[in-house]
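Undergrad: Dropping the sequence and predicted coords here.
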Amino acid sequence: MTDAQYATLPQWPHAYPPSGASATLKLLNEDFIVTELPLQLPSGDGEHIWLDVEKNGANTAFVAQQLAEAAGVQERDVGYAGLKDRYAITRQWFSIYLPNAKGKGETPDLTLLQHPEFNVLSQSRHVKKLRRGDLQGNRFRIVLRDVTGDREAIEANLKAVASQGV
């Protein structure tokens, strides 16, 4: 967005006094880190395998497709609690319906799957599929670059957000 386009936007309400600050957000994937907080952890038993996956530059749907292919199942058999940003480093859980591992009684070890945009950090069985909304929330780590503005006003607003929320 150009400065001229930005100037034509309406003045939205502010939770805190404007500080006149500006910064560059998400210049690099490493500038935006999201960690999913699951409602529960896998039990170790059940018809689904749950995978703890770290992604860098990949969206959730793409990873779900890759996991389905690697496990030899349909995409509908892969579940996840929410969509995560592609332009970030994200960590989230996926589930795959594998009741008897294709009749062999063995579960494929997807932690061995190698892909340039994601890694399977761990896997365990569980009794249910992950569905949209099955999460407590997300934890964010955000890096702002090229910050300009009144440093004291910025710090005062950051302290207020930390203690009172947005």
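TA: Arrived safely, thanks for sending.
Undergrad: Show me where the chain has its helices.
TA: 3-7, 60-71, 151-164 (DSSP state H).
Undergrad: Turn those into TSV, including mean neighbour count, distance to Asn138 and mean pLDDT.
TA: Where you see a C-beta, it was placed from the backbone N, CA and C, and this is true even at glycine. Formatted as TSV, the helices of the chain follow (neighbours: other C-beta atoms under 10 Å; distance: least, C-beta to C-beta, whole Å; pLDDT from 0 to 100):
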stretch	mean neighbour count	distance to Asn138	mean pLDDT
helix 3-7	8	27	67
helix 60-71	18	12	96
helix 151-164	12	17	87
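Undergrad: Could you provide those helices in CSV, with additional columns for distance to Gly79?
TA: Formatted as CSV, those follow (distance: least, C-beta to C-beta, whole Å):
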stretch, distance to Gly79
helix 3-7, 39
helix 60-71, 8
helix 151-164, 33
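Undergrad: can you tell which of those helices is closest to His14?
TA: helix 151-164 (9.2 Å; C-beta to C-beta).
Undergrad: Contacts for that closest one, please.
TA: 15-17, 19-21, 147 (C-beta atoms under 8 Å, 6 or more residues apart in numbering).
Undergrad: could you redo the last one with a cut-off of 6 Å?
TA: Here helix 151-164 makes contact (C-beta atoms under 6 Å, 6 or more residues apart in numbering) with 16, 19, 21.
Undergrad: Then stretch 115-123?
TA: 49, 51-55, 57-58, 63, 110-111, 113.
Undergrad: related to what we said a few turns ago, out of the helices of the chain, which gets nearest to Ile33?
TA: helix 60-71 (15.4 Å).
Undergrad: neighbouring contacts of the closest one?
TA: Residues outside helix 60-71 that contact it (C-beta under 6 Å, 6+ apart) are 55, 75, 78, 80, 83-84, 94, 96, 113, 118.
Undergrad: now do 10 Å
TA: Here helix 60-71 makes contact (C-beta atoms under 10 Å, 6 or more residues apart in numbering) with 49, 51, 53, 55, 58-59, 73-86, 90, 92, 94-98, 101-102, 107-108, 110, 112-113, 115, 117-118, 120.
Undergrad: Could you do stretch 21-30 as well?
TA: Stretch 21-30 is touched from outside by 6, 31-32, 55-58, 85-90, 141-151, 153-154, 157-158, with contacts defined as C-beta under 10 Å, 6+ apart.
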